[in-house]
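# Take a look and give me a structure for this.
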Amino acid sequence: MSKEKGNLAEQKACTYLISQNFEILEKNFYAKKLGEIDIIAKKDSVYHFCEVKSGKSYEQAVNNLSLNKIHKIKQSTLYYLQKNKLNVSFCIDALIVVENEITFLENITL
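Below is the predicted model:
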């Protein structure tokens with residue numbers, strides 16, 4: 001997927017989160033050697049670390065959430081919390097963007 005399509009999907013995801021009363025705290029947080037978190041948002045004192053995936057179909061997009069990718073997001077999340085000295089409730093979510101339809105998958109790790 002092109003950078004332009006990825007940026008458009010992330011913008012749609014941010015617009016969706018804002019419409020659901022989330023506050024966008026940061027976009028494209030990069031943790032050196034660990035990976036990137038597409039969107040960091042907050043709602044009701046809970047931090048949400050969001051991965052955005054898009055594709056021509058839901059199946060194509062969601063299949064890009066590999067175990068390795070989820071592991072890197074987890075490690076980046078822990079780094080972000082440590083770096084910012086945060087002791088807060090959090091979860092890792094995914095937003096699946098297919099054209100103008102968005103599916104919000106909350107707490108994708110156990």
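# what's the least confident helix or strand in this protein, going by average pLDDT?
Ranked by mean pLDDT, DSSP states H and E, the weakest helix or strand in the chain is helix 3-19, scoring a mean of 91.
# what packs against that one?
In terms of contacts (3 or more Cβ pairs under 8 Å, 6 or more residues apart in numbering; DSSP states H and E), helix 3-19 is packed against strand 23-31, strand 35-43, strand 46-54, strand 89-98, strand 101-105. From N, CA and C alone the C-beta is placed, and that goes for glycine too.
# Show residues contacting it.
24, 27-28, 38-39, 41, 48, 50, 52-54, 95, 97, 100, 102, 104 (Cβ atoms under 8 Å, 6 or more residues apart in numbering).
# Out of the residues you listed, flag the one nearest to residue 82.
residue 48 (17.7 Å; Cβ to Cβ).
# Tell me the residue in the chain that is farthest from the middle.
The C-alpha centroid of the chain is most remote from residue 85, which lies 20.4 Å away (Cα atoms, centre = their mean).
# Mind pulling up the pLDDT for that residue?
For residue 85, the model assigns a pLDDT of 97.
# Now do the SS call for it.
coil (DSSP: H, G, I helix; E, B strand; the rest coil).
# Let's check: the centremost residue of this structure is which one?
Note: the chain centre (Cα atoms, centre = their mean) maps to residue 50, 1.6 Å.
# Need the nearest residue in space to it, chain neighbours excluded.
Excluding the flanking residues, the one nearest residue 50 by Cβ to Cβ, 6 or more residues apart in numbering is residue 39, at 4.1 Å.
# how about the one you found, what does it touch?
When contacts are counted by Cβ under 8 Å, 6+ apart, residue 39 touches 10, 13-14, 17, 24, 26-27, 48-50, 52, 95.
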